[in-house]
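Asker: Next input, structure requested:
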Amino acid sequence: MTSTAAELGTETRDRRVESVLTAAAATREAIADLEVQQLIQATDWVALHPGEEVDTSIEFGMRDLQIAGDGAPTVDEAAVAEFALAVGKTTDAGRLFLGDAVELRYRLPRLWARVAAGEVAVWKARKVAQATTSLAPDAAAVVDQRLAWCAHRCSFAEIERQVEKARAEHDPAASEERRVAALEKRRFDIDLDHATPDGLVHVEGELDVADALALEQQIRAKAATLDLELPLDVRRAMAAGLLGTSDTEGGQAREVVVYTHLRPGQSTVDVDNTRSSITSQHLKDWCQQAGTRVTVRPVIDLNAELSTDCYEPTELMKEQIVLRDRQCCFPGCTLPARRCDAEHQVPWPEGPTASSNLAPACRTHHRLKTHAGWDYQRTPGVGFVWTTPMGRTYLSPFVTEPPPEPAARHTR
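Answerer: Model prediction:
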């Protein structure tokens with residue numbers, strides 16, 4: 001019996017489906033093998049760059065780091081960034097990856113053996129390693145014994161239970177300290193670095209019950225005085241923004257510091273504080289809210305060459321490089337420039353304290369440049385090209401190319 005064209009087409013498709021699934025499974029297996037290899041390479045890198053006992057008295061210079069739990073090897077801090085860039089990670093993510101690998105190999109040997117054999121996924125093993133780093137060596141060994149055989153299928157909650165159980169059994173004093181410390185995990189975060197395109201910012205926190213009740217009372221009372229035509233959620237959000245202000249004559253006025261950039265041919269306004277764009281009407285609405293005082297400051301020319309004879313840049317120069325470069329100049333580091341050091345590309349006094357010789361660098365990467373043999377060049381129109389002690393180069397592109405004419409307005 002001969003097959004029809006339709007039957008042949010179906011058979012061909014079925015073979016193709018099977019082929020794709022087989023290839024996908026083979027790719028997943030190859031990726032898993034490569035992840036294990038990279039974890040092993042991480043421990044090899046640490047072994048090649050051993051550290052001594054950690055000296056916490058060193059403030060600005062490079063120092064050895066404890067990246068895993070007690071008893072595990074330390075590492076030369078200068079080696080962390082080199083490995084991180086080589087594997088496509090930020091310095092902080094690279095330090096965490098190296099720490100997880102060291103924790104597994106030296107403090108969780110049973111789990112390490114199963115990872116090396118491909119029986120436990122790297123990501124799951126790293127979760128266990130991150131949980132055990134704070135344990136004493138004997139407590140970590142107990143977790144290794146209890147979880148290694150079932151780590152491939154146990155939940156995160158089970159990992160946490162076993163870790164805390166081992167901590168209570170083998171280090172009750174530390175367990176109590178953590179319980180007390182947990183009471184002080186209070187925080188209040190305003191995520192200005194991730195504003196929405198509509199100009200909204202996420203706010204969250206954990207407060208003491210008494211503080212939370214007091215805050216709720218203030219917001220509820222303030223919201224009740226606002227336009228009742230607005231939804232309650234909107235009024236509560238507005239009330240939170242008005243906390244600390246007073247409608248009385250001698251009360252404290254609300255102060256909003258906003259850094260805006262007007263680009264040629266651009267209809268929106270760039271906001272430096274939140275690294276977002278808003279409409280000019282939106283900015284106007286902010287400034288016209290009740291109790292707000294507005295002061296307009298002069299334009300800062302981002303292309304001007306400012307200089308001083310001193311080591312420390314002037315306040316105007318600091319503001320200029322913040323607005324010009326936006327974030328840390330190291331590859332992959334996104335710390336806002338306003339929280340960075342003003343770093344001299346050519347060290348002072350050989351190099352001037354001038355706009356063309358300054359760039360924002362977070363403290364970690366500033367120390368790499370100063371003490372660990374790293375260097376960089378600012379390439380106009382491209383970005384910062386960094387050279388590692390091993391001679392490898394990495395590009396940190398400009399966040400935005402400086403505008404061809406003065407375009408920054410400081411509004412307060």
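Asker: how close does F83 get to D76?
Answerer: 11 Å (Cβ to Cβ, to the nearest Å). (Glycine included, C-beta is placed from N, CA and C.)
Asker: of the two, who's got more company?
Answerer: Neighbours per residue (other Cβ atoms under 10 Å) separate F83 from D76, with F83 holding more: 21 against 18.
Asker: From E229, how far out is the more buried one?
Answerer: For F83, the distance to E229 - Cβ to Cβ - is 58 Å.
Asker: what do you get for C150?
Answerer: The gap separating C150 from E229 is 58 Å, by Cβ to Cβ.
Asker: and what of D171?
Answerer: 59 Å.
Asker: out of these two, which sits in the more crowded spot?
Answerer: D171 (17 against 7).
Asker: what does the model give the more buried one for pLDDT?
Answerer: The score at D171 is 76. That number is its pLDDT.
Asker: cool, and G383?
Answerer: 90.
Asker: what does stretch 363-381 rub up against?
Answerer: Here stretch 363-381 makes contact (Cβ atoms under 8 Å, 6 or more residues apart in numbering) with 60-62, 77-78, 81, 91, 328-330, 333, 340-341, 343, 345, 347, 356, 359, 361, 384-389, 396, 401.
Asker: Any of these buried? List them.
Answerer: 62, 77-78, 81, 91, 328-330, 333, 340-341, 343, 345, 359, 361, 384-386, 388, 396 (16 or more other Cβ atoms under 10 Å).
Asker: Those residues in helices, which ones?
Answerer: Judged by DSSP state H, the subset of the buried ones among the contacts of stretch 363-381 located in helices is 77-78, 81, 91.
Asker: In JSON lines: the residues you listed, plus pLDDT.
Answerer: JSON lines is the format used below for those (pLDDT from 0 to 100):
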{"residue": "E77", "pLDDT": "91"}
{"residue": "A78", "pLDDT": "89"}
{"residue": "A81", "pLDDT": "93"}
{"residue": "T91", "pLDDT": "93"}
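Asker: tell me the two of the residues you listed that are most distant?
Answerer: Using Cβ to Cβ, these reach their maximum pairwise distance at A78 and T91, which is 11.0 Å.
Asker: thought L85 was touching G332?
Answerer: Yes - between L85 and G332 a contact is recorded at 7.3 Å, counting by Cβ atoms under 8 Å.
Asker: burial of the closest residue in space to T279 that isn't next to it in sequence, as a residue count?
Answerer: In space, and not counting its chain neighbours, T279 is closest to T268: 6.0 Å by Cβ to Cβ, 6 or more residues apart in numbering. By other Cβ under 10 Å, the residues close to T268 number 17.
Asker: What separation do you get for T268 and P397?
Answerer: For T268, the distance to P397 - Cβ to Cβ - is 22 Å.
Asker: So which residues of the stretch 51-200 of the chain form helices?
Answerer: When assigned using DSSP state H, counting those that start in this stretch, the helices of the stretch 51-200 of the chain occupy the ranges 77-86, 91-107, 109-116, 122-132, 137-147, 156-170, 172-182.
Asker: outside of the shortest one, which residues touch it?
Answerer: Pointing back at helix 109-116 there. By Cβ under 8 Å, 6+ apart, the residues outside helix 109-116 that reach it are 36, 39-40, 104-105, 120-122, 125, 128-129, 144-145, 147-149, 151-152.
Asker: Does K124 touch A148 like I think?
Answerer: No - K124 is beyond contact range of A148, at 11.4 Å (criterion: Cβ under 8 Å).
Asker: So which of the two has more stuff around it?
Answerer: Using other Cβ under 10 Å, the more surrounded residue of K124 and A148 is A148, with 21 against 17.
Asker: OK, contacts around that one?
Answerer: 108, 110-111, 113-114.
Asker: same question, A68
Answerer: Taking Cβ under 8 Å, 6+ apart, one finds 99-100, 102-103, 106-107, 129, 133 in contact with A68.
Asker: quick one: which of those residues has the most company?
Answerer: With neighbours taken as other Cβ under 10 Å, the top of these is E103, carrying 27 neighbours.
Asker: my guess is it contacts L135, does it?
Answerer: No - contact criterion Cβ under 8 Å: E103 and L135 do not qualify, at 9.8 Å.
Asker: quick one: common contacting residues for those two?
Answerer: Joint contacts of E103 and L135 (Cβ under 8 Å, 6+ apart) are G69.
Asker: out of the contacts of A148, who has the most neighbours?
Answerer: Counting by other Cβ under 10 Å, top hit in the contacts of A148: L108 with 28 neighbours.
Asker: burial measure for the nearest residue to that residue once chain neighbours are set aside, as a count.
Answerer: Excluding its sequence neighbours, the residue lying closest to L108 (Cβ to Cβ, 6+ apart) is D144, at 4.3 Å. Neighbour count of D144, defined by other Cβ under 10 Å: 21.
Asker: Just to check, D144 is in contact with L104?
Answerer: No - applying Cβ under 8 Å, one finds D144 not in contact with L104, separated by 9.2 Å.
Asker: how much space between L323 and I300?
Answerer: Taking Cβ to Cβ, one finds L323 at 6 Å from I300.
Asker: Show me what the longest helix along the chain packs onto, helices and strands only.
Answerer: Taking DSSP H as the criterion, the chain has its longest helix at helix 5-48. If you count contacts as 3 or more Cβ pairs under 8 Å, 6 or more residues apart in numbering; DSSP states H and E, helix 5-48 packs onto helix 77-86, helix 91-107, helix 109-116, helix 122-132.
Asker: let's see it at 7 Å
Answerer: If contacts are counted by 3 or more Cβ pairs under 7 Å, 6 or more residues apart in numbering; DSSP states H and E, helix 5-48 sits against helix 91-107, helix 109-116, helix 122-132.
Asker: wait, isn't W348 in contact with C310?
Answerer: No - in this structure, W348 is not within contact of C310 by Cβ atoms under 7 Å, at 8.9 Å.
Asker: Which positions in stretch 303-319 come out as buried?
Answerer: Quick answer for stretch 303-319 (16+ other Cβ under 10 Å): 306-307, 313, 317-319.
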